[in-house]
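Peer 1: from the sequence below, what's the structure:
(one chain, ligands or ions: 1)
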Amino acid sequence: MNDGQPPSVGSLASALGFEVEFTDLPNGISGYLTDEPFAPKGKKIVINANHRRTRQRWTALHEIAHYYLHPRYTDPLEPEAHRAGVTSVDHFYATDEELIEEREANEWVEAIVFEQSALQAAVSMHGDDLQAIAWKFGVSVEALKIRLRKGR
Ligand SMILES: [Zn+2]
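Peer 2: Below you'll find the model as predicted:
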């Protein structure tokens, strides 16, 4: 388990070739993926500058997930086709067919963030101190609770 700071999502995004931009967005919009011809991947991840750091991290990973899982979103004819405007806690409980890809993206993020053995180790070390566990993984307590409810 990594005892230091959670890895930087911004550095990961850059290493993968995405440009990352923080900007003022309405509170209901976490971020989105858009074309950026000068970025190595040709894509820019735009993140709501007003959100908490933990939520911004999740948003960045969520958009990276869409890039790899849902390549139609990279169709240059539809550069604005995907906006993670509905990314919120509600999002995790989506049952609507239209939100399957949203759920897939969040499951991908969960798999990356909560490596199973590390999560179990953190839970055994910190018990009910969800704040401490969430800090370790660089996520919100809300995201951690959702993951823990799913069990293994
Ligand atoms: Zn999304």
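
Peer 1: tell me which other helices or strands the longest helix along the chain touches.
Peer 2: Longest helix in the chain, counting residues (DSSP state H): helix 53-69. The contact analysis (3 or more CB pairs under 8 Å, 6 or more residues apart in numbering; DSSP states H and E) places helix 53-69 against helix 9-16, strand 31-35, strand 43-48, helix 100-113. C-beta coordinates here come from the backbone N, C-alpha and C atoms, glycine included.

Peer 1: and the ion, which of these is closest to it?
Peer 2: helix 100-113 (4.7 Å; CB to the ion).

Peer 1: roughly how far does the residue nearest the centre of the chain sit from the ion?
Peer 2: Centroid-nearest residue in the chain: residue 58, 2.7 Å away (criterion: CA atoms, centre = their mean). When distance is defined by CB to the ion, to the nearest Å, residue 58 is 11 Å away from the ion.

Peer 1: from memory that residue sits against residue 108, does it?
Peer 2: No: assessed by CB atoms under 8 Å, residue 58 is found out of contact with residue 108, at 11.3 Å.

Peer 1: list the residues that contact both of the two?
Peer 2: Counting by CB atoms under 8 Å, 6 or more residues apart in numbering, residue 58 and residue 108 have no contacts in common.

Peer 1: for this structure, what are the low-confidence residue spans?
Peer 2: Filtered on pLDDT under 70, the chain yields the residue ranges 1-5, 72-98, 152.

Peer 1: what distance separates the longest helix of the chain from the centre of its chain?
Peer 2: 3 Å (CA atoms, centre = their mean, to the nearest Å).

Peer 1: okay, angle between that helix and helix 100-113 too, please.
Peer 2: Interaxial angle of helix 53-69 relative to helix 100-113 (axes from the mean of the first three to the mean of the last three CA atoms, to 10 degrees): 110 degrees.

Peer 1: mind exporting helix 53-69 as CSV, just the C-alpha atoms?
Peer 2: Taking Å, rounded to 0.1, in the frame of the first residue of the first chain, the C-alpha atoms of helix 53-69 are listed here in CSV:
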residue,chain,number,x,y,z
ARG,A,53,-9.8,18.2,-5.1
THR,A,54,-11.1,14.7,-4.5
ARG,A,55,-13.9,15.2,-6.9
GLN,A,56,-11.6,16.7,-9.5
ARG,A,57,-9.4,13.7,-9.3
TRP,A,58,-12.4,11.4,-9.9
THR,A,59,-13.6,13.5,-12.8
ALA,A,60,-10.2,13.4,-14.5
LEU,A,61,-10.1,9.6,-14.2
HIS,A,62,-13.7,9.3,-15.3
GLU,A,63,-12.9,11.2,-18.5
ILE,A,64,-9.8,9.1,-19.1
ALA,A,65,-12.1,6.1,-18.7
HIS,A,66,-14.4,7.3,-21.4
TYR,A,67,-11.5,7.9,-23.8
TYR,A,68,-10.5,4.2,-23.5
LEU,A,69,-13.8,2.5,-23.0
